[in-house]
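Peer 1: With the input below, show me the fold.
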Amino acid sequence: MATDRKSIPILREPLDTLRTKKTSVDNSASHPVQLIQEEHNVNIAEGKMRMLAKIHGVHVPMRMKMDQTILSQHKRLHVPGMKPSFVGLETMLGMDETIEFEDYLNDPEFSEKQVDIHTEMEKSMFPKLRK
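Peer 2: Purely as a prediction, here's the structure:
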């Protein structure tokens, strides 16, 4: 297989999936479009920060970065039956304004199952007392 980053991986010999547990060609080399797609959100965010710095001054992107750092560390208190989330960070980044795949196609995180709160609190507070 070619190891050059810009070349397409070529299969030189048949894959023996039973012995090597390898099911496909080496995936380390990715397509240039895939790299662009992965870096798209980062590039957009950096562009917005540069624009804000030019329009309002350097202190605005610095403060926004500081707020993002603080909100990325703060989670909702652990409540039995609910997973912790970054509601403040999602609101600041505008991620709460769009409907994503997980919002309507039955994400297990949002399933409505009945949970005994007392049992869940005992499990989280006293892990050694589990039966």
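
Peer 1: low pLDDT regions in this protein?
Peer 2: For the chain, the stretches with pLDDT under 70 are 1-5, 16-17, 19, 21-29, 74-84, 102, 106-112, 130-131.

Peer 1: can you pull out the helices in it?
Peer 2: 17-20, 32-56, 59-73, 87-93, 101-104, 117-125 (DSSP state H).

Peer 1: Mean neighbour count, those helices: which tops it?
Peer 2: Ranked by mean neighbour count, the helices of the chain are led by helix 87-93 with a mean of 15 (mean count of other CB atoms under 10 Å). Any C-beta I mention is one placed from the backbone N, CA and C, and that applies to glycine too.

Peer 1: hmm, back to that, kindly reformat the helices of the chain as JSON lines and extend each row with distance to residue 7.
Peer 2: JSON lines is the format used below for the helices of the chain (distance: least, CB to CB, whole Å):
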{"stretch": "helix 17-20", "distance to residue 7": "22"}
{"stretch": "helix 32-56", "distance to residue 7": "11"}
{"stretch": "helix 59-73", "distance to residue 7": "38"}
{"stretch": "helix 87-93", "distance to residue 7": "36"}
{"stretch": "helix 101-104", "distance to residue 7": "33"}
{"stretch": "helix 117-125", "distance to residue 7": "51"}
